[in-house]
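Enquirer: Test case, fold it:
(one chain, ligands or ions: 1)
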Amino acid sequence: MKLTIDNDNAILLVEEGGSRSTLDLYSPEALELVSLQWVRLGWQMKYPYTFSWLGRPIIQLPEDMVRTQEVIYRLEPDVIVETGIAHGGSLIFNAGLCRLMGKGRVVGIDIEIRPHNRQAIEAHPLFDLISMIEGNSVSPEVVGKVDDLVGDAQTVLVILDSNHTKEHVLAELEAYHHLVTPGSYIVATDGVMQWVHDVPRGDPAWKEDNPSEAAHEFVRAHPEFEVEQPPWPFNESPLEKNVTHWPDAWLKRTKA
Ligand SMILES: C[S@@+](CC[C@H](N)C(=O)[O-])C[C@H]1O[C@@H](n2cnc3c(N)ncnc32)[C@H](O)[C@@H]1O
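Expert: All right, here's what the predicted structure looks like:
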């Protein structure tokens with residue numbers, strides 16, 4: 001796709017597959033296309049690898065963090081289960097929200113919790129709200145430990161941010177969806193891979209092999225879930241779509 005930003009005439013020229021169209025530069029549709037290009041450039045430049053939260057590196061697009069906060073504040077989960085700890089930033093982000101709300105705790109899983117990360121997370125003032133499990137997120141042993149830690153919690157949110165192959169995400173969706181309570185979500189993050197398969201830091205296989213593919217396949221087999229972008233609690237704009245690394249990620253449990 002070729003995009004030409006024509007500031008002088010306030011239009012966005014879009015050329016793709018031999019066809020040309022013109023959009024009002026100051027329209028939601030133009031913002032969507034330009035944002036997508038910004039996301040692709042940001043992927044290449046490792047933009048999400050530039051943030052920290054309360055002292056720990058967090059590998060996320062800030063837009064996704066704010067949207068996650070909106071969901072957590074609305075749901076008030078008793079437990080947030082996360083696969084993929086890395087440096088611990090998302091654990092600390094979610095645990096911080098739990099502390100502020102006076103409700104909830106976090107269970108994190110990673111196949112390898114590096115000693116310096118473990119040490120920093122354990123020394124963090126929010127660690128009393130965090131449990132960590134080291135192991136493969138889809139192994140029955142790990143899933144059993146998560147089940148034990150979740151116990152009889154009423155509202156559970158699950159965020160999948162570990163290995164992002166379609167096969168692994170599908171296995172995680174199968175392994176953890178039983179924890180998700182009606183009205184809550186299981187989140188298959190990083191479907192952005194489908195959009196960045198052709199940037200230099202991408203991989204052609206990601207066009208098909210990505211978390212969004214897993215999410216859609218899962219929902220086809222589980223009618224109790226549906227793909228839903230969580231509603232924005234505040235919106236005084238003409239916009240409706242998240243700027244995100246998590247397209248089609250939020251799977252809402254609509255039925256028991
Ligand atoms: C993208 S990072 C997580 C980022 C973190 N959630 C954050 O927001 O900062 C992915 C993590 O998943 C872990 N991982 C990869 N494969 C895994 C698996 N099979 N089971 C559990 N964790 C895995 C990696 O070790 C890595 O730390």
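Enquirer: so what's Ala205 up against?
Expert: Listed by C-beta atoms under 8 Å, 6 or more residues apart in numbering, the contact set of Ala205 reads His197. C-beta: built from backbone N, CA, C; applies to glycine.
Enquirer: domains of this structure?
Expert: Following the assignment in automatic domain parsing, the chain carries domains at 2-45, 52-253.
Enquirer: quick one, strands of this protein?
Expert: Under the criterion DSSP state E, the chain carries strands at the ranges 2-6, 11-16, 19-24, 51-53, 56-58, 79-83, 105-110, 130-134, 156-160, 185-188, 225-227, 250-253.
Enquirer: Give me the contact status of the biggest helix by length in the chain with the ligand.
Expert: Of all the segments assigned as helix in the chain under DSSP state H, the longest by residue count is helix 28-45. No - using C-beta under 6 Å from any ligand atom, no contact is recorded between helix 28-45 and the ligand, whose separation bottoms out at 12.8 Å.
Enquirer: Which residues belonging to that helix are considered buried?
Expert: Counting neighbours by 16 or more other C-beta atoms under 10 Å, one finds that the buried residues in helix 28-45 are 30-31, 33-36, 39-40, 42-43.
Enquirer: now stretch 229-247
Expert: 229-230, 242-247.
Enquirer: Repeat that for stretch 211-227.
Expert: Residues of stretch 211-227 classed as buried: 211-215, 218-219, 222, 225, 227 (neighbour count, 16+ other C-beta under 10 Å).
Enquirer: Just those residues: which are in helices?
Expert: Checked against DSSP H, those include these in helices: 211-215, 218-219.
Enquirer: what sits against the residue nearest in space to the middle of the chain?
Expert: Taking C-alpha atoms, centre = their mean, the centroid of the chain lies closest to Thr189, which sits 3.3 Å from it. For Thr189, the set of contacting residues under the criterion of C-beta under 8 Å, 6+ apart consists of 64, 159-161, 164, 211, 245-246, 249.
Enquirer: can you tell me which of the ones in helices among the buried residues of stretch 211-227 lies nearest to Leu91?
Expert: Checking these against Leu91 by C-beta to C-beta gives Pro211 as the nearest, at 19.5 Å.
Enquirer: Distance-wise, check that closest one relative to Leu54.
Expert: Using C-beta to C-beta, to the nearest Å, we find Pro211 at a distance of 26 Å from Leu54.
Enquirer: Same question for Glu76.
Expert: Here the distance between Glu76 and Leu54 works out to 20 Å (C-beta to C-beta).
Enquirer: what does Lys2 give?
Expert: 42 Å.
Enquirer: for Phe218, same thing?
Expert: 32 Å.
Enquirer: Report the buried residues of stretch 97-110.
Expert: By neighbour count, with 16+ other C-beta under 10 Å as the criterion, the buried positions of stretch 97-110 are 97-98, 104-110.
Enquirer: And for stretch 10-24?
Expert: Counting neighbours by 16+ other C-beta under 10 Å, one finds that the buried residues in stretch 10-24 are 11-12, 14, 23.
Enquirer: at contact distance from the ligand, anything in stretch 212-225?
Expert: No - with C-beta under 6 Å from any ligand atom as the threshold, stretch 212-225 lies outside contact range of the ligand, at a closest distance of 13.6 Å.
Enquirer: I'd like to know the average pLDDT value across that stretch.
Expert: Predicted confidence along stretch 212-225 averages 98 (mean pLDDT).
Enquirer: Show me what it is in contact with.
Expert: Outside stretch 212-225, the residues that reach it (C-beta under 8 Å, 6+ apart) are 166-167, 169-170, 173-174, 177, 180, 186, 188, 191, 194, 226-227, 247-249, 251-256.
Enquirer: can you rerun that using 7 Å?
Expert: 166, 169-170, 173, 177, 188, 191, 194, 226-227, 247-249, 251-255 (C-beta atoms under 7 Å, 6 or more residues apart in numbering).
Enquirer: do stretch 175-185 as well
Expert: Contacts of stretch 175-185 (C-beta under 7 Å, 6+ apart): 71, 75, 77, 81, 138, 143, 150, 154-158, 186, 222, 225, 250-256.
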